[in-house]
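# Coordinates for the following, if possible.
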Amino acid sequence: MEIVSQATFEFRHSDLFDIWLSNNRKISSVLDSIYVKISHYHVEDDKKLEINKKTSNFESFIKKRLPKCNYMVERFKSKHTEWMSSSISVTINENCNTQQKPGRRTLSYGNAGPRLKRKLASELANEKEHNTTLLMHAAAVSAKKDCNTNVASALKEMITTPAQYPTELRKQDQIQKPTPLTPNEALAYILENSLTKQQYVNTRILNINHHSDIYPSYNQVIEAKMQCRPKGIEVTETTAQVSLQNLLNHSAERIIQMQKDVFKQSLDSSVVKLICSYGFDGSTGQSAYKQKFEVKTHDVQVSDQSLFVTSVIPIKMIDSFQRNIWVNRTPQSILFCRPLKIEFIKETSEHIRMEKNQLDNQIELRSLNKEMGIVRIGTLEWNPQGRRKVGRPKANLAPIYHTP
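Predicted coordinates for the structure are as follows:
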């Protein structure tokens, strides 16, 4: 016994338009959405042609009128509200038997497994007499219709140069791609080689022209450089200085950021201690320029012939179990010297003692910082002997940092 059934499906243009937009404007996605809803019915070939024609008209309407709206979706929807409210109607006549036909249902290529896919591809190749060029050309046309331009261009190139193109692809895979520099690495490269801004920009442009874009933009380098600068820097006509607390905070934060991998391996410790040393140094005989400073120090006219520097050097960072998180292997290197104060003044024993007393006052006043949890432990010893080593501490300043 046979039962004749009829089903009518309505597909609103607005819904199909949203599907078309969300799937990279591919008409194949619209067809798939229609066939999914009518998958329970047997669709004859003539009905498939009708559905394909309606969807083709749907796509032609959009491609013809969307450019006139400057590719603005909202303007297109508001201008063609009547068309958006209409729909595509699909009516299917189905002769259903009361008894279901035995056997497996037919699967499409997309829903098939690897074995069935090989079988379907083999049947298609046998049908086209294993004409490789024809099958590749058909695949390129299908990829272009599906808006897959990368696959289409690759297939087209393989058709035109079948012997050279695969070899070129293998060569490109074997070539190791250059690794881009991080902004911090680029900043280190500029400082170590004393490059100017224009020299760095010219080097970057040269690499880009040779398809090796490894250098970040100079703006990114400037941002990385600003992150290396502590907060609260005060600059006057003769002095540039920063508070000891800000310098220690910034130094510890940068070391913690640099040693993230080490902290991941030391999850059992939540407190780290940064050990630093401080000292003084002076330089005379600098070039004197014909300029007069308005500021006087101890009723003495300031001159740029002498320079005096107070600096802090991080020695190492340890955790609560006395394990090394970070160690300064070259503590005498200028790369690890953290200037605390730079001023135009001659180095004298009196000025060294005065600067040391001011620094000790900062240590005593800022021995407890509630915001960062920094605590000073131990004492500082000062060795006043020697000339160039004057002010070098024997013991270390050890602030404690509580890590989250």
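# now the strands for the stretch 1-150 of the chain?
In the stretch 1-150 of the chain, the strands defined using DSSP state E, counting those that start in this stretch lie at 2-12, 87-97.
# Identify the residues contacting stretch 21-30?
Stretch 21-30 has contacts (C-beta atoms under 8 Å, 6 or more residues apart in numbering) with 16, 19-20, 55-56, 58-59, 73, 145-147. (Glycine included, C-beta is placed from N, CA and C.)
# Any regions of the stretch 101-250 of the chain where pLDDT drops low?
Applying pLDDT under 70 to the stretch 101-250 of the chain flags the ranges 101-105, 162-175.
# burial measure for Glu129, as a count.
By other C-beta atoms under 10 Å, 7 other residues sit near Glu129.
# how close does it get to Lys177?
Note on Glu129: its distance to Lys177, by C-beta to C-beta, to the nearest Å, is 41 Å.
# And for Lys117?
For Lys117, the distance to Lys177 - C-beta to C-beta - is 32 Å.
# okay, these two: which has more neighbours?
Neighbour comparison, Lys117 and Lys177: the larger count goes to Lys117, with 14 against 8 (by other C-beta under 10 Å).
# Is that one in contact with Tyr109, as I believe?
Yes. At 6.1 Å, Lys117 and Tyr109 qualify as touching, with contact defined as C-beta atoms under 8 Å.
# So for those two, which residues contact both of them?
Residues touching both Lys117 and Tyr109 by C-beta under 8 Å, 6+ apart: none at all.
# Surely Asn249 forms part of a helix?
Yes. Inclusion of Asn249 in a helix is indicated when DSSP: H, G, I helix; E, B strand; the rest coil is applied.
# Grab the longest helix from this protein for me.
helix 45-65 (DSSP state H).
# Export that helix to PDB, keeping only CA atoms.
What follows is helix 45-65, C-alpha atoms only, in PDB (Å, rounded to 0.1, in the frame of the first residue of the first chain):
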ATOM      1  CA  ASP A  45      16.500  15.300  -9.600                       C
ATOM      2  CA  ASP A  46      14.000  17.800 -11.100                       C
ATOM      3  CA  LYS A  47      13.200  19.100  -7.600                       C
ATOM      4  CA  LYS A  48      16.900  19.500  -6.900                       C
ATOM      5  CA  LEU A  49      17.300  21.500 -10.100                       C
ATOM      6  CA  GLU A  50      14.400  23.700  -9.000                       C
ATOM      7  CA  ILE A  51      16.000  24.300  -5.600                       C
ATOM      8  CA  ASN A  52      19.300  25.100  -7.100                       C
ATOM      9  CA  LYS A  53      17.700  27.600  -9.500                       C
ATOM     10  CA  LYS A  54      15.900  29.400  -6.700                       C
ATOM     11  CA  THR A  55      19.000  29.700  -4.600                       C
ATOM     12  CA  SER A  56      20.900  30.900  -7.600                       C
ATOM     13  CA  ASN A  57      18.300  33.600  -8.100                       C
ATOM     14  CA  PHE A  58      18.600  34.400  -4.400                       C
ATOM     15  CA  GLU A  59      22.300  34.900  -4.700                       C
ATOM     16  CA  SER A  60      22.000  36.900  -7.900                       C
ATOM     17  CA  PHE A  61      19.600  39.300  -6.200                       C
ATOM     18  CA  ILE A  62      22.000  39.900  -3.400                       C
ATOM     19  CA  LYS A  63      25.200  40.300  -5.500                       C
ATOM     20  CA  LYS A  64      23.400  42.700  -7.900                       C
ATOM     21  CA  ARG A  65      21.900  45.000  -5.200                       C
END
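# which secondary structure elements does it contact?
Using 3 or more C-beta pairs under 8 Å, 6 or more residues apart in numbering; DSSP states H and E, the elements in contact with helix 45-65 are helix 13-22, helix 27-37, helix 73-79, strand 87-97.
# Please point out which parts of it sit buried.
47, 51, 54-55, 58-59, 62 (16 or more other C-beta atoms under 10 Å).
# What is the nearest of the residues you listed to Gln245?
Ile62 (64.1 Å; C-beta to C-beta).
# Check the gap between that closest one and Glu74 for me.
Taken as C-beta to C-beta, the span from Ile62 to Glu74 is 14 Å.
# Kindly report the same for Ala7.
Taking C-beta to C-beta, one finds Ala7 at 35 Å from Glu74.
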